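A.B. asks: Give me a 3D structure for the following:
(2 chains)
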Amino acid sequence: MSVLVYVEQVEGKFKKSVFEAVSYAKAIADQQGTSLSAISIGNVADSELNELGKYGASKVLKVEADQLKNFVNQAYASVIAEAAKKEDASIVVLSNSFSGKGLAPRIAVKLKAGLVDGAVDLPSNEGGFSVKKTAFSGKAFAIATLTSANKVIALNPNSFGVKENSGNVAIEAFSPEVKSSDLTAIVKEIVRATNKVSLPDAEIVVSGGRGLKGPENWGMVEELADLLGAATACSKPVSDADWRPHSEHVGQTGIAISPNLYIAIGISGAIQHLAGVSSSKVIVVINKDAEAPFFKVADYGIVGDAFEVVPKIISALKAHKA
Amino acid sequence: MKILVCISNVPDTTTKITFTADNTQFNTAGVQYIVNPYDEIALSRAIELCEGGKGTVTVINVGEAATEPTIRKALAIGADDAVRINAAARDAYFVATQIAEYAKANDFDIILCGRESIDYNGSQVAAMVGELLDIPSISIIKKLDYDGSNATIEREIEGGKEVVSVSGKFVASCAEGTAEAKIPNMRGIMSARTKPLQVVEAVEVEEVGKISKFETPAPRGSVKLVPAESAEELIGLLHSEAKVI
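C.D. replies: Residues are numbered from 1 along each chain as shown, chains lettered A, B, ... in the order given. Model prediction:
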């Protein structure tokens, strides 16, 4: 028996959320008294694969078939399930990324496994095998107890952290057969903004609401985000009005995030918005309305006009960095 | 074309979430139920694709009789008919199995779901249905063009999008951008009462797990206010006190 972690590559590199998933899977392997193997699909240099050893993987299966260069949900799920069988892994861990959300359920069905997605903590043996996960869009947590022999866990980014382990990883080529019926969805184009921090993975997020009055005023939000190495986000009314793209909408019906620092500018804090951001570790709220509900869940607050406050913060940040 | 849209019955987005029975049950007292907002997007796109007599939209819900008002709402938005699988929606695997069984017996071209339900936040059903039917599943899409046999789909990826083409049957889970959620009009509301709603008994599914308990997030401490005149002090606090920058 072992633990298997799927390491999702983006253009041949692993992101922090992958090292986090490896760290988490290693901690589960330690709990179970077993070892951790990883499965990588697509072209990744061995030097990058070696990085996985730092976080506790002792072996990585490398799948480099040409037809698997791009992400195809169905085929990747088959390959990961085959890897689990090969490694005799009863627990499969992956990051709850956009691709992970599509893969985990298919892997679970293939392995007849119970699935916990949106996991935020290590399993406990209370009641068997129980994992804490987000529920009600951040308004609560649920403890999911799995009773199946095989288990799949999709870990939310920024919920466990990256933990270094010393160790070396053995790289092993793996070439399972892929059915042609698994390859019918074809990736035509990938568009990725490489100069921006992606929102679900971001450690710092700067977010704007209706209080910013119009899309032309986002310059200071972007400047602040750039200085902090942060991703930009927005409230629902802002994306509904097309001031910003839907992919930036955080909240109950948008993306739920849990960064280390969330700065909300001109957002009043409706219950649906709070649901998506309440697991942020530190929340800063800037709003001219002292009665805005957001202040009730904030760690730091500034009651004032964003157009005066934010430029002051930007210049203080520049001075701090200098 | 024939499109099947999966809908779940969830608490309204303004609901304050509380629990009963030693935090093992969701407290349903006074809770208003709605069509899951993402499922409404999937339904709206399905209706757009079928407009002008190009096809029919069937909605399917796994739930007990209490979910029927939510199903009628989906019919009022514009679905042609509905199916209710008569069982409590125990978990995603249970729900996906029921939908897959129904889809096997009834020939649908595509199956659409919402990206996740806003109660348990699983984004599991769409991909599980895809796996159970052995057809492609595309998760978290923001654009769907479909001509009855070929589809071009944009799916969300971290920091961008991926364009995928699929021929033949598939399942997709829809996010914002796929369509504007339609609001039922008076004619829709009137006709929803008489549209067919078929009740089908559930098949048995082995249990793989369950939710054993809920927790509510720990309350936060009170806010530390920084005067607007000295907003620059925030940076020092975030650096030396909160240690996040």
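
A.B. asks: And the strands in the stretch 1-150 of chain A, which stretches?
C.D. replies: Assigned strands in the stretch 1-150 of chain A, in chain order: A:2-6, A:9-10, A:13-14, A:36-41, A:59-63, A:89-95, A:114-119, A:130-135, A:140-146 (criterion: DSSP state E, counting those that start in this stretch).

A.B. asks: can I get the ones you listed in TSV with mean pLDDT, distance to chain B and mean neighbour count?
C.D. replies: Every C-beta, even on glycine, is put in place using the N, C-alpha and C of the backbone. Output for the strands of the stretch 1-150 of chain A, formatted as TSV (pLDDT from 0 to 100; distance: least, C-beta to the nearest C-beta, whole Å; neighbours: other C-beta atoms under 10 Å in any protein chain shown):
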stretch	mean pLDDT	distance to chain B	mean neighbour count
strand A:2-6	98	14	27
strand A:9-10	94	7	18
strand A:13-14	96	12	16
strand A:36-41	98	15	27
strand A:59-63	98	19	22
strand A:89-95	98	10	26
strand A:114-119	96	4	26
strand A:130-135	96	6	23
strand A:140-146	96	4	22
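
A.B. asks: so who does A:Gln272 touch?
C.D. replies: A:Ser137, A:Lys236, A:Gly251, A:Gln252, A:Thr253, B:Thr13, B:Thr14 (C-beta atoms under 8 Å, 6 or more residues apart in numbering or on different chains).

A.B. asks: Looking at those, which is nearest B:Leu237?
C.D. replies: Checking these against B:Leu237 by C-beta to C-beta gives A:Gly251 as the nearest, at 26.0 Å.

A.B. asks: Quick check: that closest one vs B:Val163, distance?
C.D. replies: 26 Å (C-beta to C-beta, to the nearest Å).

A.B. asks: And those two? Which one has more around it.
C.D. replies: A:Gly251 (26 against 15; other C-beta atoms under 10 Å in any protein chain shown).

A.B. asks: list the contacts for the more buried one?
C.D. replies: A:Gly251 neighbours (C-beta under 8 Å, 6+ apart): A:Ser137, A:Ser235, A:Lys236, A:Ala270, A:Gln272, A:His273, A:Leu274, A:Ala275, A:Gly276, A:Val277.

A.B. asks: Same question for A:Ile186.
C.D. replies: By C-beta under 8 Å, 6+ apart, the neighbours of A:Ile186 are A:Val72, B:Val164, B:Ser165, B:Val166.

A.B. asks: Filter the residues you listed down to just the ones in strands.
C.D. replies: B:Val164, B:Ser165, B:Val166 (DSSP state E).

A.B. asks: before we move on, back to that, highest neighbour count among the contacts of A:Gly251?
C.D. replies: Most surrounded of the contacts of A:Gly251: other C-beta under 10 Å gives A:Ser235, at 31 neighbours.

A.B. asks: so what's that one closest to, chain neighbours aside?
C.D. replies: The shortest distance from A:Ser235 to any non-neighbouring residue, by C-beta to C-beta, 6 or more residues apart in numbering or on different chains, is to A:Gly209 (4.2 Å).

A.B. asks: ok, the one you found to B:Ala181 distance?
C.D. replies: 21 Å.

A.B. asks: Okay, helices next: where are they in the chain?
C.D. replies: No chain was given, so I picked chain A. All helices of chain A, identified by DSSP state H, fall at A:16-32, A:46-50, A:73-86, A:98-110, A:219-228, A:236-240, A:271-277, A:306-321.

A.B. asks: was after chain B, sorry
C.D. replies: Remark: helices assigned in chain B by DSSP H are B:37-50, B:68-77, B:92-105, B:125-133, B:186-192, B:233-236.

A.B. asks: and A:Lys179, which of those helices is closest to it?
C.D. replies: Nearest to A:Lys179 among those is helix B:125-133 (13.1 Å), distances taken as C-beta to C-beta.

A.B. asks: tell me the angle the closest one makes with strand A:114-119.
C.D. replies: Going by axes from the mean of the first three to the mean of the last three C-alpha atoms, to 10 degrees, helix B:125-133 is angled at 150 degrees with respect to strand A:114-119.

A.B. asks: Please determine whether helix B:125-133 lies in contact with chain A.
C.D. replies: Yes. Using C-beta under 8 Å from any C-beta of the partner chain, we find that helix B:125-133 touches chain A at B:Val125, B:Ala126, B:Ala127, B:Met128, B:Gly130, B:Glu131, B:Leu132.

A.B. asks: I'd like those laid out as TSV, including neighbour count and pLDDT.
C.D. replies: Below are the residues of helix B:125-133 next to chain A laid out as TSV (neighbours: other C-beta atoms under 10 Å in any protein chain shown; pLDDT from 0 to 100):
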residue	neighbour count	pLDDT
B:Val125	32	97
B:Ala126	33	98
B:Ala127	32	98
B:Met128	27	98
B:Gly130	31	98
B:Glu131	24	98
B:Leu132	20	98
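
A.B. asks: could you dump these to a markdown table with distance to A:Ala77?
C.D. replies: Below are these laid out as a markdown table (distance: C-beta to C-beta, whole Å):
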| residue | distance to A:Ala77 |
| --- | --- |
| B:Val125 | 15 |
| B:Ala126 | 13 |
| B:Ala127 | 8 |
| B:Met128 | 11 |
| B:Gly130 | 9 |
| B:Glu131 | 7 |
| B:Leu132 | 12 |
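
A.B. asks: Which single residue of chain B ends up nearest chain A?
C.D. replies: Closest to chain A within chain B is B:Ala228: 2.8 Å, counting by C-beta to the nearest C-beta.

A.B. asks: okay, that residue: pLDDT?
C.D. replies: B:Ala228 is assigned 95 on the pLDDT scale.

A.B. asks: do the one 3 residues further on as well
C.D. replies: In the predicted model, B:Ala231 carries a pLDDT score of 94.

A.B. asks: That one touches A:Leu317, doesn't it?
C.D. replies: No. Using C-beta atoms under 8 Å as the test, B:Ala231 is too far from A:Leu317 to be in contact (10.8 Å).

A.B. asks: ok, the nearest residue to A:Ala290 once chain neighbours are set aside - contacts?
C.D. replies: Excluding the flanking residues, the one nearest A:Ala290 by C-beta to C-beta, 6+ apart is A:Val303, at 4.6 Å. Neighbouring residues of A:Val303 by C-beta under 8 Å, 6+ apart: A:Asn287, A:Lys288, A:Asp289, A:Ala290, A:Phe295, B:Leu225, B:Ala228.
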